[in-house]
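Asker: next one to model:
(chains A and B)
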Amino acid sequence: MKTISMKRLMKQLWIVALLLSANAAFGATTNQKWTAGWDNFGEPLNYTKSKVSWSVNATTKKLTVTYTLVSATPSKLYQVDLAFFCSTFASTFGQFPVQGFTSGDNCQTVTRQGITASAVYAEVGVVTTDMNGNGVFAVSIGPIASGTYNVEFRALDGAGCALTGGAGNGSDCAVDFQSPGPTFGDTTTITIP
Amino acid sequence: MKFATFARQTRIATAVVVVALLLSATFASAAATTQKWTAGWDNFGEPLNYSKSKITWSVNSTKHTLTATFTLAAAKPSKLYQVGLNFFCTTFPVSFGQFPTDGGGGTCSTITRQGVTKTVAAVELGVVLTDEHGNGTFTVVIGPIASGTYDLEFQTRDGVGCQLKGGAGNGSDCNDDFQSPGPTFGDATTITIP
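Answerer: Purely as a prediction, here's the structure:
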């Protein structure tokens, strides 16, 4: 019978441990669907094929998010962000400024779909759709302060809300798509260790 | 033939196939090209760290796709920059991959910038949103693209909404803040789609 030396066995165990460690650090990717609203409910979208994918890297404390829209309005800009449900919140989320405070670090109270909650927002990018209404945007956010965050992902009806260089703070701030939804305040819990 | 010999020949054949597959994949996805931004051709005062900012692009000859990553460093914080391609041409198709040509293609428009007159067609690809430090990146995969040789400049506009819905419209946001390769309007990169 062929025997394995102790040195070789230790080497193999070390490789397995490294692979397990890397897998745990990157975390599993979560895929979730879009739903309509909070504000607009008639914007076209293939809700079956569209999605938000996210994962947390526990080592780098980064959140990676990919926003995918399929069969939305062609050649249109959709600003994408994270809405945090909170009473108070930090001024930044990773490298992105947070907006929507009433005063100091107090989260703003808003009512949508008959639900009242307090929230703030981190604008993280834009999905630009092609001639078929399809578009993808991926962003890596971090390092993020350790904590548990209750969030909804959002796609707005244009680009420029609370940012320079776009349509400004008008109708483009209205929310076309939310995830998880289907109701304002339905949240995803993201934990940064 | 002995079993041991057969097993060894099988292993060699497998290794040859694996090497061939790896070589094939390498040639299908050509090496990435990295090039720098330069200022203009409309605005020359927009902040940018020109050493750290770049465009990286590559062609996949099997899929006929072009992948481009637009990176801005130390630009204006929390600002939207629309990015795209500016082709130097006489006529141009109605689309480039899945992205429509501004104005619908056809005869290319004549414009003069930095004292240079060229006929052009533009395609809008996406947006770089900068963070609190003025850093941002955007990657897009374009294709399949019609085979051909394209002379183009990458461009970054002074806002978003130029020829697109949902932004600032066709005003000053259409101005070009950064061009690549540059430094002069009309300096082109040649990209060949086989």
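
Asker: chain A contacts on chain B?
Answerer: B:76-81, B:95, B:97-100, B:124-127, B:129, B:131-133, B:135, B:138-139, B:158-161, B:163-169, B:173 (Cβ under 8 Å from any Cβ of the partner chain). In short, each C-beta sits where N, CA and C put it, glycine included.

Asker: got a PyMOL select line for the buried ones in those?
Answerer: Selection of buried members from those for PyMOL, criterion 16 or more other Cβ atoms under 10 Å in any protein chain shown:
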select buried, chain B and resi 76+77+78+79+80+81+95+97+98+99+100+124+125+126+127+129+131+135+138+158+159+160+161+163+164+165+166+167+168+169+173
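
Asker: let me see the ranges of the helices in the chain.
Answerer: In the absence of a named chain, this looks at chain A. For chain A, the helices defined by DSSP state H cover A:6-26.

Asker: um, chain B though
Answerer: B:3-28.

Asker: for it, give me the ranges with low pLDDT.
Answerer: B:1-29 (pLDDT under 70).

Asker: ok, the top strand by length along chain A near chain B or not?
Answerer: Criterion DSSP state E: the longest strand present in chain A is strand A:115-128. Yes: applying Cβ under 8 Å from any Cβ, one finds strand A:115-128 touching chain B at A:123-126, A:128.

Asker: what is that strand packed up against?
Answerer: strand A:62-69, strand A:77-85, strand A:96-99, strand A:106-112, strand A:135-141, strand B:116-129 (3 or more Cβ pairs under 8 Å, 6 or more residues apart in numbering or on different chains; DSSP states H and E).

Asker: just the CA trace of the longest one, in CSV.
Answerer: Right, the one you point to is strand B:116-129. C-alpha atoms of strand B:116-129 as CSV (Å, rounded to 0.1, in the frame of the first residue of the first chain):
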residue,chain,number,x,y,z
VAL,B,116,-8.5,70.7,-35.4
THR,B,117,-11.5,69.8,-37.7
LYS,B,118,-12.7,66.2,-37.9
THR,B,119,-15.8,64.2,-38.8
VAL,B,120,-17.0,62.2,-35.8
ALA,B,121,-19.7,59.9,-34.4
ALA,B,122,-20.1,59.3,-30.7
VAL,B,123,-21.4,56.5,-28.5
GLU,B,124,-22.4,56.9,-24.9
LEU,B,125,-21.4,53.9,-22.7
GLY,B,126,-21.9,54.7,-19.0
VAL,B,127,-21.1,56.9,-16.0
VAL,B,128,-18.2,57.2,-13.6
LEU,B,129,-19.5,58.4,-10.2
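
Asker: so who does residue B:124 touch?
Answerer: When contacts are counted by Cβ atoms under 8 Å, 6 or more residues apart in numbering or on different chains, residue B:124 touches A:75, A:128, B:82-84, B:99, B:102, B:162-164.

Asker: ok, residue A:60 to residue A:142 distance?
Answerer: 6 Å (Cβ to Cβ, to the nearest Å).

Asker: now do the buried residues in the longest strand of chain A.
Answerer: Neighbour-count burial for strand A:115-128, counted by 16+ other Cβ under 10 Å, picks out A:117-128.

Asker: pull the most distant pair out of those residues.
Answerer: Across these, no pair lies farther apart than A:118 and A:128, at 31.2 Å, counting by Cβ to Cβ.

Asker: dump the residue contacts of the closest residue to residue A:55 other than its chain neighbours.
Answerer: Sequence neighbours aside, residue A:29 is the residue nearest to residue A:55 in space, at 4.4 Å (criterion: Cβ to Cβ, 6 or more residues apart in numbering or on different chains). The contact partners of residue A:29, by Cβ under 8 Å, 6+ apart, come to A:53-55.

Asker: out of the residues you listed, which is most surrounded?
Answerer: Highest neighbour count within the contacts of residue A:29: residue A:54, with 22 neighbours (other Cβ atoms under 10 Å in any protein chain shown).

Asker: verify the stated contact: it with residue A:63.
Answerer: Yes: using Cβ atoms under 8 Å, residue A:54 makes contact with residue A:63 at a distance of 6.3 Å.

Asker: okay, and the common contacts of the two?
Answerer: residue A:190.

Asker: need the residues of chain A near chain B, please.
Answerer: So far as Cβ under 8 Å from any Cβ goes, chain A lies against chain B at A:73-78, A:92, A:94-97, A:123-126, A:128, A:130-132, A:134-135, A:137-138, A:157-160, A:162-168, A:172.

Asker: I figured residue A:58 hits residue A:146, correct?
Answerer: No: taking Cβ under 8 Å as the definition, residue A:58 is not a contact partner of residue A:146, at 10.0 Å.

Asker: out of these two, which sits in the more crowded spot?
Answerer: Legend: neighbour count by other Cβ under 10 Å for residue A:58 and residue A:146, higher for residue A:58 (13 against 9).
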